[in-house]
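Engineer: Kindly return the folded structure for what I paste below:
(2 chains)
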Amino acid sequence: MSEQPIIVSASPHVHSERTSKKLMYDVIIALIPAFLVSLYVFGINALIVTAAAVVSCLLFEYLIQRYLLKTNVTIADGSALITGILLAFNLPAGIPVWMVVIGSLVAIGIAKLSFGGLGYNIFNPALVGRVFLLVSFPVQMTLWPTAVENNMSVVDAITGATTLGLIKEGVQFGETMSSIAPTLPPLSDMLLGITSGSLGEMSALALILGGAFLMVRKVISWHIPVTVLGTIGVLTGVFWWINPEQYANPLIHLLSGGAIIGAFYMATDLVTSPVTKKGMVIFALGIGAITVVIRLFGSYPEGISFAILIMNALVPLINTYFKPRRFGARIKSKIM
Amino acid sequence: MLRTFPKGGVHPPENKLTASKPIRRMPVPKVVYVPIAQHIGIPAEIAVAQKDKVQAGQVIARSGGFVSSNIHAPVVGTVTKLDKIVDTRGYKKQCIVIRTDLKDESNFQEVELPLKQEITMEPDEILKRISDFGIVGLGGATFPSHVKLNIKEGKKLDCLIINGVECEPYLTADHRLMLEKTEEILVGIRILMHALKVERAIIGIENNKKDAIELFKTIGRQEPGIQIAALKVKYPQGGEKQLVRALLGREVPKNGLPLDVGVVVHNVGTVFAIYQAVQHHKPLTERVVTVTGKKLENPSNFWVRIGTPIGDLLEAVGGVPEDTRKIISGGPMMGKALKNTDVPVTKGTSGILVISGEEASRGPAGNCIRCGECVDVCPMGLEPHLLMNLSEKGLYKKAAREDIATCIECGSCSYVCPANRPLLDYIRFGKSITRQLESNKGQL
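Structural biologist: Model prediction:
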């Protein structure tokens, strides 16, 4: 027998190939198509903002764990990297780098590490960072550079409103949808990503591609994305059906703003979403409904970030009340 | 569509290395170590003294109560010691040491018993025979078989289920037995049907044992009331409750038994042992053991006398490989890791698995990322992440309310956890404390 001692541990003695790290890197792979689209649309700015967010998230996690908390440094687990990418994806491409750094500090320092680090945070760190920036710097956070094909210039002067911004503004000034419609980008552009908006939310197609990859790899299940998008589609559809002059059609709602990135990447964050499938559906219904309420009746044009954060807060409650059915809890009298 | 249980389960690599290897007879060991607590329940009481001569099949320890079992001498020889040794569960247990009489030829005769179809015994006699002849559940749980067959007044029974699932990776003992003793097992099933007075029996076999399914279908076609069901491969389908659910769609109630839904479940190995006891007057003194591992020279299936040291089995397959880090009694999902190879084979030993190098050690545990995988795979509908958390924090009362007691310890949660958390370790711990607290009533 070998020199090394025999290991005695309790069963099971084998483990599946899945690790947290692999899950995290799958998420990163899934975000690549959307990142490529944003590079194409916003040029070098997309790279600058993303790099700034990623580097500062990793750096803050390292510094805080090493010097403040004096615990093990966990930057290699991939989670801070995802927070950085997702934060960047939720920012306008032209945002000053120092704001990105502040957003990263809030995301990692406050939303993640102050709650206890990976797995203990209640709110999605990237969204906390984004919402912090949105309420602190409302002007810079809503200065959307317009999509200019192959724009490689660092200085980007052309800015325009987002689709949802145009609708909100128009409706607030009493315009009807038929007069707003010509100013909106065509749906095909929204699908491909040639419109204005946050860095990563451009192309619905690229985001869905990555989302499908995550489902195939079983990192996420269909429950959250399908329910979020379904709820948004149905609710906005109902309002549109009641009064198409005041409310945009559901396709515009689904393809614009953060609906898709939110549904596939932000709401599905493993840590901040419920553990059971039942719970996930409830959680996603809430996100969809709150998003629609904010979009149609709130003062912000887009509300999915707030919706996700609000529902994040309810996750412990959902986990408590929507438990899996225990085996044998209810006896079936089915006899074959 | 193949049948299976609906909720939970995992698909660990099957690694059935010995599926095509016929069962060989292990030579009779020089010394056997026979523990008196090989079954669940009350240990048997030693019925021999030091220096006694014993005959093979003679009772050497008598059943200590209803939920207990007789233990028989596996060889002809002399009792050399009554000693305490470490058993496969890791505890020091009382044990009868018998030195084999090397001059007695009957020890080395290999008798192939002829197939005996005709059942002549009455139900009561059959039950008594099963009880007297030390038959316990050979699937690994070692629950005394006669207890399961003792149907209380008022309980309705309409189906006997034969467990040929063998969902543990690596193990092939039941598979080989089904291939080599098909007709005997079918007779055994008829014996049980006769004893239980049921008209219907189903043999559940997972679809990775297509040859066994085919064989049963060909031979068993003439048997009235016996059905053969192929099941989708999914661990832990061999769990009684999961198997009943998969085959009949009936759910055993919480804290209940299969009998509550009119079913009794027996393992194929047990059925064969019952056949031998009833038809050939042969007590349970040997069983099939799979000795396996990726690095072993010649992984095999053996007929082994109870009490044979595991070291002898490992010798017989070419010795323990250099880089062995873990020796397991049983399969990789539910087996017990052993400290050394001195422990003997008991009635519940279905396999010996040798694991090398990195495979043997667990990765470091990370934080729970709340992915919910453990909840998805739990076949009992529990929330392992929550149960671990509650056990870790000492919140046993809460853990009891979350049904920690219904955990079947299949290990699916720990198997699948991407953060490598020792979920089942903590759940087991919480379970045992909860049980203790519940037995001192009012404490919980």
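Engineer: Is stretch B:375-388 positioned near chain A?
Structural biologist: Yes - using C-beta under 8 Å from any C-beta of the partner chain, a contact is recorded between stretch B:375-388 and chain A, made by B:375-376, B:378-383, B:385-386. Where you see a C-beta, it was placed from the backbone N, CA and C, and this is true even at glycine.
Engineer: Drop anything exposed from these.
Structural biologist: B:375-376, B:378-383, B:385-386 (16 or more other C-beta atoms under 10 Å in any protein chain shown).
Engineer: ok, B:T270 to B:A229 distance?
Structural biologist: Taking C-beta to C-beta, to the nearest Å as the measure, B:T270 falls 18 Å from B:A229.
Engineer: These two: which is more packed in?
Structural biologist: Set B:T270 next to B:A229 and count neighbours by other C-beta atoms under 10 Å in any protein chain shown: B:T270 wins out with 30 against 19.
Engineer: Quick check: that one touching B:G139?
Structural biologist: Yes - assessed by C-beta atoms under 8 Å, B:T270 is found in contact with B:G139 at 7.0 Å.
Engineer: what about B:P224, how many neighbours?
Structural biologist: A count of nearby residues for B:P224, using other C-beta under 10 Å, gives 8.
Engineer: typo on my end, A:I102
Structural biologist: A:I102 has 17 neighbouring residues, counting by other C-beta under 10 Å.
Engineer: Wait, it touches A:Q140, no?
Structural biologist: No - counting by C-beta under 8 Å, A:I102 does not reach A:Q140; the two are 11.2 Å apart.
Engineer: ok, now which ones touch A:T142?
Structural biologist: By C-beta atoms under 8 Å, 6 or more residues apart in numbering or on different chains, the contact set of A:T142 is A:92, A:134, A:165.
Engineer: Tell me which residue in the stretch 201-336 of chain A sits closest to chain B.
Structural biologist: Proximity of the stretch 201-336 of chain A to chain B (C-beta to the nearest C-beta) peaks at A:V275, 3.5 Å away.
Engineer: Which residue is the nearest non-sequential neighbour of that residue?
Structural biologist: B:G372 (3.5 Å; C-beta to C-beta, 6 or more residues apart in numbering or on different chains).
Engineer: B:D342 too?
Structural biologist: Closest to B:D342 by C-beta to C-beta, 6+ apart is B:P309, at 5.9 Å.
Engineer: repeat for A:L69
Structural biologist: In space, and not counting its chain neighbours, A:L69 is closest to A:L113: 6.8 Å by C-beta to C-beta, 6+ apart.
Engineer: Return the helix or strand in chain B with minimum mean pLDDT.
Structural biologist: The least trusted helix or strand in chain B, going by mean pLDDT, DSSP states H and E, turns out to be helix B:357-360, with a mean of 77.
Engineer: That helix close to chain A?
Structural biologist: Yes - residues of helix B:357-360 are located near chain A by C-beta under 8 Å from any C-beta, namely B:359-360.
Engineer: packing partners for the helix or strand just after that helix?
Structural biologist: Downstream of helix B:357-360, the next assigned helix or strand under DSSP states H and E is helix B:373-377. With contacts taken as 3 or more C-beta pairs under 8 Å, 6 or more residues apart in numbering or on different chains; DSSP states H and E, helix B:373-377 sits against helix B:384-393, helix B:412-416.
Engineer: and the next element down the chain from the last one?
Structural biologist: Going down the chain from helix B:412-416, the next helix or strand is helix B:423-439, by DSSP H and E.
Engineer: remind me which residues of chain A are low pLDDT?
Structural biologist: Residue ranges of chain A with pLDDT under 70: A:1-4, A:146-160, A:193-195, A:330-336.
Engineer: Nearest to the spatial middle of it, which residue is it?
Structural biologist: The residue lying closest to the centre of chain A (C-alpha atoms, centre = their mean) is A:M266, at 2.6 Å.
Engineer: from what I can see it touches A:L86, true?
Structural biologist: Yes - using C-beta under 8 Å, A:M266 is in contact with A:L86, at 6.7 Å.
Engineer: Next, show the common contact partners of the two.
Structural biologist: A:126-127.
Engineer: Can you tell me, leaving aside adjacent residues, what's nearest to the residue in the stretch 101-250 of chain A that chain B sits nearest to?
Structural biologist: Nearest residue of the stretch 101-250 of chain A to chain B: A:G119, at 3.6 Å (C-beta to the nearest C-beta). With C-beta to C-beta, 6+ apart as the criterion, A:G119 has its nearest non-adjacent residue at 3.6 Å, and that residue is B:N367.
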